[in-house]
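*Asks:* 3D, please:
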Amino acid sequence: MEGQFENPLVIGKTAVPRCFRNINVKSLPVTWRFNKKAWMTSALFTEWVKDLNSKMKRAGRNVLLLLDNAPSHPVDLNLSNVKLLFLPANTTAKLQPLDQGIIQDMKQFYRKRLLRSVLAKIDDESVVSAESVSKSLNVLDAVQWVNSSIKDVKADTVTKCFRKAGFKESLFASDSVVVDDDDDDDDEDDNVPIQELVELMRVANKKISLGDTMTVKEYLDVDSNIPNGEDLSENWESDLLQTHKNTESEPVDSDSDDECSGVAPTPEPICDLKTHQDALKCIDQLKVYCMNKDLGSVSAMFSRAGEELEKLSVDALCSTLFL
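*Replies:* All right, here's what the predicted structure looks like:
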């Protein structure tokens, strides 16, 4: 069972962002939830972990869930098949396997997809502003990148991170994953995502007007200081009540979601395909159509096709820039 991930939980700001208008939200490759701040809350965590408990009960499994002491993690949940283990304060960076490289690995895959998608949409002769780049992205893209990036995290990476966090070797007796001690620090495959990201950043720094040149580390950590969970401020009770009221009154199809402000209405079908960019627009429309018809496997196929086309487009761009 090592290296298996649950369906990702993604939290946005509205029930149905504009870029979700033509699709069935239940057909997304993630579990979509929302609140005004796009934060993890105790209510959302409780719903998620109870669903996990029901799944484990049906499968006849018992699992251990390692958690920090964030306010969004209730300590009084009564679960039959999921045991919650809260790590001591200020030890998460050392004892939480996710923090030993799993999150970082997933972020590398995600940011590689994001940057490659942006660069694939830029004409060979163009240099674009950061503002125009932000308008070319939407939440639907992010949801698909999250799902694909988690699947790219290898089982032996997960095992290594558990071992690094101090878990006993007896936990990894399964035949499904074999990890060589000699490969822990110098596995060349582990460096592939970061090497690809370095190359993409070279192109980005030439094709996107960023002001100052951005390093790969700065790009990976660009959102590290953004709050992602509720805190216990002095007025936390009234704030939580107000958030609940606002969420209840949220229109289903909101035009206020600034996450999708750069997304135009569904464009007219393109009949004359001359460039990679034209083809990518068509693939995007096909993905939306498939999700609207609950054709998840077909949508995933088009997503993979889109990624391959983006790679070709960026490779062509690189050959132009670095001849």
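
*Asks:* and the gap between the nearest residue to S209 once chain neighbours are set aside and S136?
*Replies:* Spatially, and ignoring its direct neighbours in sequence, S209 is nearest to S129 (4.9 Å; CB to CB, 6 or more residues apart in numbering). Any C-beta I mention is one placed from the backbone N, CA and C, and that applies to glycine too. Distance of S129 to S136, computed by CB to CB, to the nearest Å: 11 Å.

*Asks:* Could I get the full set of strands for the protein?
*Replies:* Taking DSSP state E, the strands of the chain run over residues 9-12, 31-34, 63-67, 82-86, 128-129, 208-209.

*Asks:* Counting neighbours, what do you get for the residue nearest to S209?
*Replies:* 11 (other CB atoms under 10 Å).

*Asks:* Okay, it and V222: tell me how far apart.
*Replies:* Distance from S129 to V222, by CB to CB: 17 Å.

*Asks:* Equivalent analysis for W145, please.
*Replies:* Counting by CB to CB, the gap from W145 to V222 is 15 Å.

*Asks:* higher neighbour count, the two?
*Replies:* In this view W145 and V222 are compared by other CB under 10 Å, and W145 has more residues nearby, 21 against 12.

*Asks:* which ones are touching that one?
*Replies:* By CB atoms under 8 Å, 6 or more residues apart in numbering, the contact set of W145 is Y110, R113, L114, S117.

*Asks:* nearest to P97, of those residues?
*Replies:* Taking CB to CB as the measure, Y110 is the one of these closest to P97, at 18.7 Å.

*Asks:* I figured that closest one hits V146, correct?
*Replies:* Yes - applying CB atoms under 8 Å, one finds Y110 in contact with V146, separated by 6.4 Å.

*Asks:* Could I get the full set of helices for the stretch 51-200 of the chain?
*Replies:* Taking DSSP state H, counting those that start in this stretch as the test, the helices found in the stretch 51-200 of the chain are 92-95, 102-120, 130-135, 139-152, 155-164, 192-207.

*Asks:* which other helices and strands contact the fifth one?
*Replies:* So that's helix 155-164. helix 102-120 (3 or more CB pairs under 8 Å, 6 or more residues apart in numbering; DSSP states H and E).

*Asks:* Flag every buried residue along the helix it packs on.
*Replies:* Residues of helix 102-120 classed as buried by neighbour count (16 or more other CB atoms under 10 Å): 102, 104-120.

*Asks:* For this protein, give me the ranges with low pLDDT.
*Replies:* Along the chain, the model assigns pLDDT under 70 to residues 1-2, 123-127, 130, 170-193, 210-212, 230-271, 322-323.

*Asks:* Pick out the residue closest to the middle of the protein.
*Replies:* In the chain, the C-alpha nearest the mean C-alpha coordinate belongs to V146, at 2.7 Å (CA atoms, centre = their mean).

*Asks:* Contact partners for that one?
*Replies:* V146 touches P8, V10, V30, Y110, counting by CB under 8 Å, 6+ apart.

*Asks:* Reformat these as a markdown table; add distance to R58.
*Replies:* Listed next are these as a markdown table, based on distance: CB to CB, whole Å:
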| residue | distance to R58 |
| --- | --- |
| P8 | 20 |
| V10 | 24 |
| V30 | 21 |
| Y110 | 30 |
